[in-house]
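# what follows is a predicted protein model with its sequence.
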Amino acid sequence: MEHRSSKARVVAVCISENRGTKKSSIRQGRLKENFGLVGDAHADSNSHRQVSLLAIESVKKMEEKGLKAVPGIFAENITTEGIELLSMKPGSKISIGEKAVLEITQIGKKCHSGCEIFTQIGDCIMPREGLFARVICGGMVKKNDTINILTEPSLKNDAD
């Protein structure tokens, strides 16, 4: 079952050549099945964290703490708007643009030691509000692409 939300969209697509650095926005990117965002240092077929997502709403929380934030500063590949990333659970699937499909695999991660953002302002949003995904179906992604929630895992009751 597909849930459409015309408000959910891509704000930016970002890559970096090296791990542990902020990412730069690119015009468009190619999500490769079971690999990640082509050209990004974190793309890896052996990882469940092939792509990272962060909501612009989360980025704005950090701006309120005095950080001059732009998409990619938290090393996220895809900055989103209008989708409740924090309500997503591992196993949820989303589509981006015309073809790409991602499966959420992890919520948050521990910042690496010496995280630039944490060092600067004493906090970082990625460990709490960043999502990681693997690419189920590849495709091109760009700013303003629509994001749709395709499936959400159902809650299981131990009594069933």
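Looks like it came in fine. Numbers count the residues shown, from 1 in each chain.
# and the most centrally placed residue in the chain, what element?
Centroid check for the chain by Cα atoms, centre = their mean gives L53 as the closest residue, at 0.9 Å. Here L53, judged by DSSP states H and E, is contained in strand 51-55.
# next secondary structure after that strand?
Counting by DSSP H and E, the next helix or strand C-terminal to strand 51-55 is helix 56-63.
# which strands or helices does the strand holding L53 pack on?
Applying 3 or more Cβ pairs under 8 Å, 6 or more residues apart in numbering; DSSP states H and E, one finds that strand 51-55 makes contact with strand 78-81, helix 126-129, strand 131-137. (Glycine included, C-beta is placed from N, CA and C.)
# could you say what helices and strands the second one packs with?
Applying 3+ Cβ pairs under 8 Å, 6+ apart, we find helix 126-129 packed against strand 51-55.
# strands paired with the strand it packs on, and their directions?
Here strand 51-55 has these sheet partners by DSSP bridges: strand 78-81 (parallel), strand 131-137 (antiparallel).
# surely V135 touches V38?
No: assessed by Cβ atoms under 8 Å, V135 is found out of contact with V38, at 10.2 Å.
# between these two, what contacts are shared?
L31, K32 (Cβ atoms under 8 Å, 6 or more residues apart in numbering).
# more neighbours: the two, which one.
Taking other Cβ atoms under 10 Å, V135 and V38 do not tie; V135 has more neighbours (23 against 12).
# list the residues that contact the more buried one.
Per Cβ under 8 Å, 6+ apart, neighbours of V135: L31, K32, E33, N34, F35, G36, Q50, V51, A100, V101, L102.
# many thanks, I have nothing further to ask.
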